[in-house]
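Undergrad: here's a sequence, model it:
(one chain, ligands or ions: 1)
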Amino acid sequence: MQSLTEIKALLAERGLRPRHRFGQNFLHDHNLLNRLIDRSGVQRGDLVLEIGPGTGALTEPLVERGCRVIACEIDRDMCAIVRQRLGDRVTLIEGDCLDGKHAMSPAIVAAIGDEPVTLVANLPYQVATSVMANLLCDYPSCRGQYVTIQREVGDRLAALPGGDAWGPISVTMSILARVEMVASLPPSCFWPAPEVRSAMVAIEPIQPRPEVDMAALSPFLHTLFCKRRKQIGSILGRSFPFPSGIDPMLRPEVLTPAQILQLLAAAGTME
Ligand code: SAM
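TA: Numbering: from 1, shown residues only. As a prediction, the model looks like this:
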């Protein structure tokens, strides 16, 4: 596994420094890297998606364990390092992992095909929420996501109704997945150390997948939560067919996932 000294040397010998705009905080704690892979349960032969391999600190142990890794990296200097160290032992996609905010890059989609895939990654903070939401909502073949992310984002993923963190991503997660906070990571696990704590999180889709109109869910949640302190009667309008038992005077921030799904179904009857 790459030591911190090695990671620094890989950059220094190419005249590089960590790029803040790409969220380059390299995870150099070997126990945590192993724990992330162990928690993912990936086995020899499994298809793994890694977003942002950087110098390959996580990619290399995944490849050594016999996983077939698809790694997508936006920084061409990092791509050169991965290519030099792993060659064709990894499928490297050079470019942005996202196609806009709401879709994965077509190159990733093509590389995965219809195969079951597991996300294992130390995610760049700028794209973390979009990547996790896209994979969960649009790729039922993604069997799990095992990631390190900002602690605050982790809190939102695992939030419950009633708190400030309860919002569209928490609702989506609670409808479609089980979210587990595996560990809390201090800034010192990364180089350079970020200003905030991080979290290791496991997101495992509920099986069988609940029947939800995915195309309608996201805009509906947006409508509800962009006015989270207003009453749902005022947000959805007087003519909205409120299901019995859901008081129009409730606020979005206290609605349970089951109530939100009832409201979504009622909204569907209006068209
Ligand atoms: N995997 C390495 C590790 O654990 O030390 C590096 C992780 S670092 C937090 C995030 C990586 O994601 C960086 O290498 C960065 O260049 C890359 N990255 C940032 N934005 C990206 C994007 N939109 N698409 C693909 N890679 C991206």
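Undergrad: now the end-to-end length of stretch 26-34.
TA: Start-to-end span of stretch 26-34 (Cα to Cα, to the nearest Å) is 15 Å.
Undergrad: actually stretch 156-171, sorry about that
TA: End-to-end distance of stretch 156-171 (Cα to Cα): 10 Å.
Undergrad: list the buried ones in that stretch?
TA: 156-159, 161, 165-171 (16 or more other Cβ atoms under 10 Å). Where you see a C-beta, it was placed from the backbone N, CA and C, and this is true even at glycine.
Undergrad: ok, now stretch 254-271?
TA: By neighbour count on 16+ other Cβ under 10 Å, the buried set for stretch 254-271 is 255, 257, 259-264, 267.
Undergrad: try stretch 199-214
TA: Applying 16+ other Cβ under 10 Å to stretch 199-214 flags 199-203, 205 as buried.
Undergrad: with stretch 224-241 instead?
TA: By neighbour count on 16+ other Cβ under 10 Å, the buried set for stretch 224-241 is 224-225, 228, 232, 235-236.
Undergrad: thinking again about what came up before, identify the farthest-apart pair in the buried residues of stretch 254-271.
TA: Using Cβ to Cβ, the pair of these lying farthest apart is 257 and 267, separated by 15.3 Å.
Undergrad: any chance you could map the helices in the stretch 51-200 of the chain?
TA: Counting by DSSP state H, counting those that start in this stretch, the stretch 51-200 of the chain has these helices, from start to end: 59-64, 76-86, 106-112, 128-138, 151-157, 168-176.
Undergrad: circling back: which ones among the buried residues of stretch 199-214 are found in strands?
TA: Among the buried residues of stretch 199-214, the members falling in strands (DSSP state E) are 199-203, 205.
Undergrad: could you give the number of residues near residue 119?
TA: Here the number of neighbours of residue 119 (other Cβ atoms under 10 Å) works out to 22.
Undergrad: what residues does it make contact with?
TA: By Cβ atoms under 8 Å, 6 or more residues apart in numbering, residue 119 lies in contact with 48-51, 131-132, 135, 142, 144-147.
Undergrad: need phi/psi at whichever residue of the chain sits closest to the ligand.
TA: Distances between the chain and the ligand by Cβ to the nearest ligand atom are smallest at residue 52, namely 2.0 Å. Dihedral pair for residue 52: phi 80, psi 70, per degrees, to the nearest 10.
Undergrad: neighbours around it, how many?
TA: Neighbourhood size, residue 52 [other Cβ under 10 Å]: 23.
Undergrad: what residues are up against the residue nearest to it when sequence neighbours are not counted?
TA: Once flanking residues are discounted, residue 52 sits nearest to residue 124: 4.9 Å by Cβ to Cβ, 6 or more residues apart in numbering. By Cβ under 8 Å, 6+ apart, the residues touching residue 124 are 22-24, 51-52.
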